[in-house]
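A.B. asks: Could you look at this predicted model? Sequence included:
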Amino acid sequence: MVYITYANYKRIMADPKSIKQHFAINAEGNGAAYIYNKKNITWFNELEASRLFLCKILLLQPNHPLLQKIEMDKWLKIITIDEYTHAFPPVKPKFHSAENCPCLHRDYINFKLPVGFNKKYGKNGVERFREWFTNMLPNESYTPQQLLETHPKSFARKAEAIWNVDWSSIMREFAENSSKVEFHNYNLQQLEQKIDQLCQQFEEWKQTLLPIERAAIEAFKTMTYCSNLSYQGIEETRLQELIAYFKNNLKYPMQDVLLAYYYQTAVSSGLSFENHTILEQLGFEACKHCGSNTHETIGTVFMQPLFGL
């Protein structure tokens, strides 16, 4: 078996062109049942709903006829793009052949480069910095990264001697491994309760709004891009405020909980893929630390438990 993290599972996106041409779910109609059959959730547009449904069958229905389409026509995929804004480049998501692989349980650490670094020095400058950042300093027993972690002012002086930017603005980014922190160790029943809570929260929030504001939310709740919108009788700033609240406090959390629900259902049920090559088609690659013989030894793909189960 092989393992993937929940954080990388969440990176799987639906391809807009493929979905529009070949497949789309109307979550405002009967399609809502495909997303979650215990409650009618109509907050998502066709692309969002299709992504949720395809991620669901990817985990829970290994013999579904659409899996071949997902693989061959790339309905789902992970895009890894280097924007040259960080000390470490983005990496493709990995699948692991060993459940105890240290890479599977590693926390995320990166450093966002100072404002203006990329513009001033370009991609070549970023590449040069990355090489310098992880190699031993001349006549020293530590790397610039280690120096930054322990003596940031000393690091800034050394970096500024090479790259003339304000190194006090370099930002450390840290995220715990997703198996440790996602959804506060919720099990399936608790995830179902969380879904119910979000639906109830939505209804209670709507009751605090004016009728015209409720109408605006119903009109725009499925939209992905909400800039330059207008609704007669509501000021633009108030409209943006309402939409932002709905997305950040209700819609996006609901997406995450539904994905976690599918994922945890797969973990709890012991479900697996019959063929792990679909992960490679999605953009995953075998972990070099634990998966050197993955193609010869792996027959099924299991999810890493969200909560260390």
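C.D. replies: Cool, the structure landed. Since the structure is predicted, the reported quantities are computational estimates derived from the model, not experimental observations.

A.B. asks: so who does the residue nearest to Gly283 when sequence neighbours are not counted touch?
C.D. replies: Distances taken as Cβ to Cβ, 6 or more residues apart in numbering put Ile78 closest to Gly283, at 3.5 Å, once the chain neighbours are dropped. The C-beta positions use only the backbone N, C-alpha and C, and glycine is treated the same way. Residues counted as contacts of Ile78 (Cβ atoms under 8 Å, 6 or more residues apart in numbering) are Asn8, Arg11, Ile12, Met13, Lys92, Pro93, Leu282, Gly283, Phe284.

A.B. asks: which one of the residues you listed sits closest to Leu104?
C.D. replies: Ranked by distance to Leu104 (Cβ to Cβ), the contacts of Ile78 are led by Asn8 at 10.0 Å.

A.B. asks: How much space separates the closest residue to Ser230 other than its chain neighbours from Leu242?
C.D. replies: Distance criterion Cβ to Cβ, 6+ apart; nearest residue to Ser230, sequence neighbours excluded, is Glu236 at 6.4 Å. For Glu236, the distance to Leu242 equals 11 Å [Cβ to Cβ, to the nearest Å].

A.B. asks: which residues of this structure fall in strands?
C.D. replies: 2-4, 13-14, 76-77, 94-95, 108-112, 171-175, 285-286, 301-303 (DSSP state E).

A.B. asks: The ones you listed into CSV, with extra columns for mean pLDDT, distance to Pro65 and mean neighbour count?
C.D. replies: Formatted as CSV, those follow (pLDDT from 0 to 100; distance: least, Cβ to Cβ, whole Å; neighbours: other Cβ atoms under 10 Å):
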stretch, mean pLDDT, distance to Pro65, mean neighbour count
strand 2-4, 74, 23, 25
strand 13-14, 87, 18, 20
strand 76-77, 85, 15, 19
strand 94-95, 84, 24, 24
strand 108-112, 92, 36, 15
strand 171-175, 88, 37, 11
strand 285-286, 86, 26, 18
strand 301-303, 39, 19, 22
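
A.B. asks: Export these as CSV, with columns for distance to Phe202.
C.D. replies: As requested, those are exported to CSV (distance: least, Cβ to Cβ, whole Å):
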stretch, distance to Phe202
strand 2-4, 31
strand 13-14, 23
strand 76-77, 27
strand 94-95, 36
strand 108-112, 31
strand 171-175, 28
strand 285-286, 39
strand 301-303, 29
